[in-house]
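Peer 1: Would you be able to build a 3D model of this:
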Amino acid sequence: MNITSGYVSMFRIPELKRRLLFTALILAIYRLGSHVPAPGINLEALKEFFASQQGTLVGLYDMFAGGNLQNATIFALGIMPYISASIILQLMQAVVPYFEKLAKEGEEGRRKINQLTRYGTVGLAVVNALGISFALEGMAGIVINPGMAFKLMIIITLTAGTVFVMWLGEQITERGIGNGISLIIFIGIIARYPTDTINTLLQLQSGEMHIVKLALILLFMVGVIAGIIAITQAQRRIPVQYAKKIVGRRIYGGANTHIPLRVNTAGVIPIIFAQSIIMFPGTLGAMFPENAFFEGLSALFGHTHPVYIVVYSALIILFTYFYTAVVLNPVDLADNMKKNSGFIPGVRPGKKTAEYIDKVLTRVTLPGAVFLAVIAVLPDLMIGWLNVPFYFGGTGLLIVVGVALDTLQQIESHLVMRHYDGFMSRGRLRGRR
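Peer 2: As a prediction, the model looks like this:
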């Protein structure tokens, strides 16, 4: 494999070059908008408030917003309303017959679901912006001129910002490279990396961190990233054989293929669900600092407390199985195989096939769920026990690695399709144009 030739080949294909430049332009526009402040807010007072919100739901929301919430920019809501609307629609497909029917209608059904997702995004953005306006007015010294005019201005500004970010993401998906929404989250997360790097270098310079400790941490980080890549791409392949059909003078079927069951089918969603619940006690403690009960509850769920680690890990494993069951239905897989004359060798079609797929999926999901739990608690342990000056692991790292892999695979497909060496190929492709 020649990675250098892969980089050079990206800019030899005019279409791929245009897509890459277009993606970079859209992401630059997003980052520029992340520095445009919303009107009527005292930024210094707001930053002081966010300094006390680390490890709460507010801090989690700000991570997905790329730091725009604590900076009170026009993109303060980020893409979270769109993500929430997408998750809600996906869950409704599993429980509401109307949405389940839409999901099975092919391209037309997906178009309707996408349209409903956009409407849901606008509705959630309005509700979130209204809640933020009330919350800001309830904090002393943050809002310059509180009142109905401020609320209306914040609702319009933040909702318009979210819709614009959603549009930017869709433009990347259609005309750029990679998944636009994921790339916007990706660029917001890695925007914090330069600050973390500077803080680490300052600790190294001041003597607070030894060079040997830093080298061990970096080596450990490389190992964790390699593990995430392995788990993200790992899959259990169930062999499937299709019977031959004779239609007229043609023979159809007879092919051997497989069902790829991913070890981490649920992706990063279980950690997000678990974080939303596990951070609730800390959020209550921050909201009611003088209440002894909430203060004790917040301490019990401190990020290095054994109760926090056990409950958090159990929630992640539980939600991994739950979300995997939502996105992958063994009964539907078995029915589709039966309709197309497909079968798993040694397993009867129909109910037995569904039971077999469910059994394999249950076993395959367990190591993925445990790995997600380890990655989720890793940053808290590194900060609490090793005094690491940056946040490594958790949701952010999974998103960064996953989006990077997905984008590289899309670039790879463009290169291989035009007979160029890709990043992941093991040998040079012959017959170059």
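Peer 1: For residue 241, which three-state class applies?
Peer 2: strand (DSSP: H, G, I helix; E, B strand; the rest coil).
Peer 1: for the closest residue to it other than its chain neighbours, what are its contacts?
Peer 2: Nearest non-adjacent residue to residue 241, counting by CB to CB, 6 or more residues apart in numbering: residue 256, 5.3 Å away. Backbone N, C-alpha and C define where each C-beta goes, glycine included. By CB atoms under 8 Å, 6 or more residues apart in numbering, residue 256 lies in contact with 239, 240, 241, 242.
Peer 1: Please, a PyMOL command that selects the buried ones among those?
Peer 2: Buried residues among these (16 or more other CB atoms under 10 Å), as a PyMOL selection:
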select buried, resi 240+241+242
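Peer 1: Of the contacts of residue 256, which is the nearest to residue 164?
Peer 2: Among those, residue 240 lies closest to residue 164 (CB to CB), at 44.1 Å.
Peer 1: and residue 297, how many neighbours?
Peer 2: When neighbours are defined as other CB atoms under 10 Å, residue 297 has 16 of them.
Peer 1: what does residue 38 give?
Peer 2: Look at residue 38: counted by other CB under 10 Å, it has 21 neighbours.
Peer 1: pLDDT score for it?
Peer 2: pLDDT recorded at residue 38 is 84.
Peer 1: which residues in the stretch 301-433 of the chain form strands?
Peer 2: For the stretch 301-433 of the chain, applying DSSP state E, counting those that start in this stretch gives strands covering 342-343.
Peer 1: Give me the below-cutoff pLDDT ranges for it.
Peer 2: Counting by pLDDT under 70, the ranges of the stretch 301-433 of the chain that qualify are 389, 418-433.
Peer 1: Swap in 80 and give it another go.
Peer 2: Per-residue confidence for the stretch 301-433 of the chain (pLDDT under 80) gives these ranges: 301-305, 340-341, 379-395, 414-433.
Peer 1: Same question for the stretch 51-200 of the chain.
Peer 2: Scanning the stretch 51-200 of the chain for pLDDT under 80 picks out the ranges 51-72, 94, 104, 106, 135-144.
Peer 1: Residue 290: which of the contacts of residue 256 is nearest?
Peer 2: Checking the contacts of residue 256 one by one against residue 290 (CB to CB), the nearest turns out to be residue 240, at 61.9 Å.
Peer 1: could you list every residue that touches that closest one?
Peer 2: Each residue near residue 240 by CB under 8 Å, 6+ apart is listed here: 256, 257, 258, 259, 337, 342, 343, 344.
Peer 1: In PyMOL, select just the buried ones from these.
Peer 2: Buried residues within those, by 16+ other CB under 10 Å, are selected in PyMOL with:
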select buried, resi 259+337+342+343+344
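Peer 1: Turn the contacts of residue 240 into CSV, including distance to residue 213.
Peer 2: Listed next are the contacts of residue 240 as CSV, based on distance: CB to CB, whole Å:
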residue, distance to residue 213
256, 52
257, 50
258, 45
259, 46
337, 54
342, 55
343, 56
344, 51
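Peer 1: Distance of residue 192 relative to residue 405?
Peer 2: 20 Å (CB to CB, to the nearest Å).
Peer 1: residues touching residue 113, list them.
Peer 2: So residue 113 contacts 89, 93, 99, 102, 103 (CB under 8 Å, 6+ apart).
Peer 1: quick one: which of these sit in helices?
Peer 2: 89, 93, 99, 102, 103 (DSSP state H).
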